[in-house]
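Asker: Predicted model and sequence follow; I will ask about them next.
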Amino acid sequence: MSTDTHAEQAPSSPAPSLPSHTVDAIKKFVAEHGGSASAVIQPIGLAGIRITLVGADGILGDQVVEDLATANAVVASLDDVTVSEWDRAITSIVTPRKGHIQKMAGWVARQTRFPKARNER
């Protein structure tokens, strides 16, 4: 049995540049919604990576960046944003803004056969 004390070092890739508009938008969101937020990082195909934000008051927000390294770097650069998952603790505080359901539903939102969202009754 051999004991190797030298860990192989992978060539370090350059740190991703932080998109200033994304960082500024997240800072503004955090300031408007309770001073802290949880971020759920989700791949969305060719469009990139979505950083879904859940403010301390439960309001949702999101930003889309090019790749996973950039998303992680953006969240790591903000002290008042923590990485999270869609677990019970996060989903129980989410309170979408009025009109959020219609915005996300598109043409389906104009249908009369579907029940209204619980926060829009």
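Answerer: Now that the structure is in, tell me what you want to look at. Numbers count the residues shown, from 1 in each chain.

Asker: residue ranges of the helices in the chain, please?
Answerer: In the chain, the helices defined using DSSP state H lie at 20-32, 68-76, 88-91, 100-105.

Asker: buried stuff in the second one?
Answerer: Put plainly, it is helix 68-76. For helix 68-76, burial by neighbour count (16 or more other C-beta atoms under 10 Å) applies to 70, 71, 72, 73, 74, 75. For every residue, glycine as well, the C-beta is placed using N, CA and C.

Asker: Not counting its neighbours along the chain, what's nearest the first one?
Answerer: The reference is to residue 70. Of all residues not flanking residue 70 in the chain, residue 16 sits nearest, at 4.4 Å (C-beta to C-beta, 6 or more residues apart in numbering).

Asker: How about the third one?
Answerer: Using C-beta to C-beta, 6+ apart and skipping the chain neighbours, the partner closest in space to residue 72 is residue 41 (6.9 Å).

Asker: correct me, but that neighbour touches residue 85?
Answerer: No - Residue 41 is beyond contact range of residue 85, at 9.2 Å (criterion: C-beta atoms under 8 Å).

Asker: The two: which has the busier surroundings?
Answerer: The residue with more neighbours, out of residue 41 and residue 85, is residue 41; 17 against 11, by other C-beta atoms under 10 Å.

Asker: Tell me how many other residues crowd residue 49.
Answerer: Other residues close to residue 49 by other C-beta under 10 Å number 20.

Asker: do the one 4 residues further on as well
Answerer: Around residue 53 there are 22 other residues, counting by other C-beta under 10 Å.

Asker: Show the contacting residues for it.
Answerer: By C-beta atoms under 8 Å, 6 or more residues apart in numbering, residue 53 lies in contact with 26, 29, 30, 37, 38, 39, 60, 61, 62, 63, 81.

Asker: quick one: the second one and residue 23, what's the gap?
Answerer: To tie it back to what came earlier, the one meant is residue 29. To residue 23, residue 29 is 11 Å away according to C-beta to C-beta, to the nearest Å.

Asker: neighbour-wise, which of these two wins?
Answerer: More neighbours surround residue 29 than the other of residue 29 and residue 23, with 19 against 16 (other C-beta under 10 Å).

Asker: Having no further points to raise, I will conclude here.
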